[in-house]
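Trainee: Sequence isn't available, so here's the structure alone:
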């Protein structure tokens, strides 16, 4: 019976039950930045609150935004993320376990934007009491607390989240650096993804601990670096310089796909259709997609191919063999792979989902596809991969607001999707 009331509160919030009007004056939200995270705290919360719904608008496209509650006295039944190119809507739900959410200053948890880092632009708050009546409902003010020290002591930084250590990202011009995971123990691996602005390239990047000692960095792949977490928090400093222009006449800075094409090209994973063209609007085949994933894996040596229509010596033969052995592709019932067929959006989602599973990555994210009119057209094998791909920000709706599961993604779409997958999932 422990979560009976909290479960009802969660149901009330998640189902958006109609509620009477509430007072307009109320709490404010304090946003304290640290590394790639924002610590959220409600200031001035009055009354016995048992549940709350906090809607935040983040500047920029942050499809990988995540929320982690700090207190053991309440839990978060959900965190919904809806991202577009200019703004990301994050809705956080918190429900009390037993005791109310008390205190004029209530630490909610940490928000990891998972994209180009921006502070929340605005917020809406709904707070319920034990009888599911609103204590407060309306827009709240946001107060930036700045870069804070979260209970640092000595050389080792101790934090409220179980002694985990964090990485601070120093502000940089003409590019951004993101880190994952958000917090780790000493000695655990950290991944840095570097995203230069169009027309710029990375000049230098370094990591130093709290005593200004440099931490060794390893280049994992293009614009991605790894290091082992020291005994204290660490700070990353990066600088960017003009450069990094692409040779393609049909891919220009300012194009929505420019960064994706640039990343995938410079990483040597996807080339152009000629020395000076990328042909962003052309479709891609199943064989081409598997070959790209194979290069992303490092092109391991493979044996015989199981499909009757994959010719030995074809540029995709080893790739298809690798993907089949790893369970990434299964082919068709007649024993063929059909490498020349155009890839569909749902097939692409399924390939990426299985590849991520093979690598042991977190596949728990799921999006509600009910807002897409053609969600019912998704094949059964691709339903969970599509829900995951949308939640992870790998696939978005088309210009008509549809998912188009049987549509054929262009080379530009594939480049953007695979660059996001390589940087944010792998």
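Mentor: Done, it's in. Values in this document were obtained by computation on a predicted structure and should not be read as measured data. Residues are numbered from 1 along each chain as shown.
Trainee: so which strand or helix has the spatially most central residue of the chain?
Mentor: Nearest to the mean C-alpha position of the chain, by CA atoms, centre = their mean, lies residue 64 at 2.1 Å. Element membership for residue 64, per DSSP states H and E: none, as it lies in no helix or strand.
Trainee: what number of residues lie near residue 204?
Mentor: Neighbours of residue 204 under the rule other CB atoms under 10 Å: 9. Heads up, the C-betas are built off the backbone N, CA and C, glycines and all.
Trainee: Contact partners for it?
Mentor: When contacts are counted by CB atoms under 8 Å, 6 or more residues apart in numbering, residue 204 touches 238-239.
Trainee: Please identify the helix or strand for it.
Mentor: Secondary structure from DSSP H and E places residue 204 in strand 200-209.
Trainee: in its sheet, what does the helix or strand following that strand sit against?
Mentor: Downstream of strand 200-209, the next assigned helix or strand under DSSP H and E is strand 214-215. Using DSSP bridges, strand 214-215 pairs in its sheet with strand 200-209 (antiparallel).
Trainee: Any buried residues in the strand it pairs with, and which?
Mentor: 200-202, 205, 207-209 (16 or more other CB atoms under 10 Å).
Trainee: closest to residue 232 among those residues?
Mentor: residue 209 (5.0 Å; CB to CB).
Trainee: ok so, going back, what about the residue nearest to the centre of the chain, distance to residue 350?
Mentor: 20 Å (CB to CB, to the nearest Å).
Trainee: and what of residue 302?
Mentor: Residue 302 is 21 Å from residue 350, by CB to CB.
Trainee: Mind checking which of the two has more residues around it?
Mentor: Shown here are residue 302 and residue 350; by other CB under 10 Å, residue 350 has more neighbours (23 against 17).
Trainee: how about the more buried one, what does it touch?
Mentor: By CB under 8 Å, 6+ apart, the contact set of residue 350 is 381-382, 385.
Trainee: With residue 362 instead?
Mentor: Per CB under 8 Å, 6+ apart, neighbours of residue 362: none.
Trainee: Over to it. Which of the three states is it?
Mentor: Under DSSP: H, G, I helix; E, B strand; the rest coil, residue 362 falls in the coil class.
Trainee: Begin at 485 from now on, thanks
Mentor: All right, first residue 485 from here; so that's residue 846.
Trainee: Next one, pLDDT for it please.
Mentor: Model confidence at residue 846, given as pLDDT, is 82.
Trainee: Surely the residue nearest to the centre of the chain touches residue 877?
Mentor: Yes. The pair residue 548 / residue 877 is scored as a contact, 5.7 Å apart, by CB atoms under 8 Å.
Trainee: Correct me if wrong: residue 651 contacts residue 716.
Mentor: No. Assessed by CB under 8 Å, residue 651 is found out of contact with residue 716, at 10.8 Å.
Trainee: So these two - more neighbours on which side?
Mentor: residue 651 (25 against 20).
Trainee: State the helix or strand in which the more buried one lies.
Mentor: Counting by DSSP H and E, residue 651 is found in strand 649-653.
Trainee: could you give the mean pLDDT of that strand?
Mentor: 83.
Trainee: What are the buried residues along the helix or strand that it is followed by?
Mentor: Counting by DSSP H and E, the next helix or strand C-terminal to strand 649-653 is strand 659-664. Residues of strand 659-664 classed as buried: 659-664 (neighbour count, 16+ other CB under 10 Å).
Trainee: same deal with stretch 741-759?
Mentor: Those would be 741-749, 751, 753-754, 756, for stretch 741-759 by 16+ other CB under 10 Å.
Trainee: ok, so of the residues you listed, who is nearest residue 628?
Mentor: residue 743 (27.6 Å).
Trainee: Report the contact partners of the closest residue to residue 843 other than its chain neighbours.
Mentor: For residue 843, ignoring the flanking residues on the chain, the nearest one in space by CB to CB, 6 or more residues apart in numbering is residue 910 at 6.3 Å. Residues in contact with residue 910 (CB under 8 Å, 6+ apart) are 780, 840, 843, 845.
Trainee: buried subset of the residues you listed?
Mentor: 780, 840.
Trainee: Please flag which of the contacts of residue 910 sit within strands.
Mentor: In strands, judged by DSSP state E, none of the contacts of residue 910 are found.
Trainee: Can you tell me which of the contacts of residue 910 is nearest residue 618?
Mentor: Distances from residue 618 to those, taken by CB to CB, are shortest for residue 845, at 39.5 Å.
Trainee: For the closest one, give me its contacts.
Mentor: 909-910.
Trainee: Same question for the one 4 residues further on.
Mentor: Under the criterion of CB under 8 Å, 6+ apart, the contact list for residue 849 reads 872, 875-876.
Trainee: now do the same end-to-end measure for stretch 802-816.
Mentor: Distance across stretch 802-816, first residue to last, is 18 Å (CA to CA, to the nearest Å).
Trainee: What sits closest to residue 657 if chain neighbours are left out?
Mentor: Among residues not flanking residue 657 along the chain, residue 724 sits closest, at 6.7 Å (CB to CB, 6+ apart).
Trainee: Paired strands for the one helix or strand the one you found maps to, with orientation please.
Mentor: Counting by DSSP H and E, the element that carries residue 724 is strand 718-726. Partners of strand 718-726 in the sheet, by DSSP bridges, are strand 649-653 (parallel), strand 684-693 (antiparallel).
Trainee: next SSE after that strand?
Mentor: helix 742-750.
Trainee: Quick one: distance of that next one to the chain centre.
Mentor: On the basis of CA atoms, centre = their mean, to the nearest Å, helix 742-750 sits 18 Å off its chain's mean C-alpha point.
Trainee: Report the inter-axis angle for that helix versus strand 684-693.
Mentor: 80 degrees (axes from the mean of the first three to the mean of the last three CA atoms, to 10 degrees).
Trainee: Show me where the stretch 735-884 of the chain has its helices.
Mentor: Taking DSSP state H, counting those that start in this stretch, the helices of the stretch 735-884 of the chain run over residues 742-750, 770-781, 801-809, 829-842, 867-875.
Trainee: I'd like the ones you listed laid out as CSV, including distance to residue 902 and mean pLDDT.
Mentor: Converted to CSV, the helices of the stretch 735-884 of the chain look like this (distance: least, CB to CB, whole Å; pLDDT from 0 to 100):
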stretch, distance to residue 902, mean pLDDT
helix 742-750, 6, 84
helix 770-781, 6, 88
helix 801-809, 14, 88
helix 829-842, 8, 90
helix 867-875, 12, 88
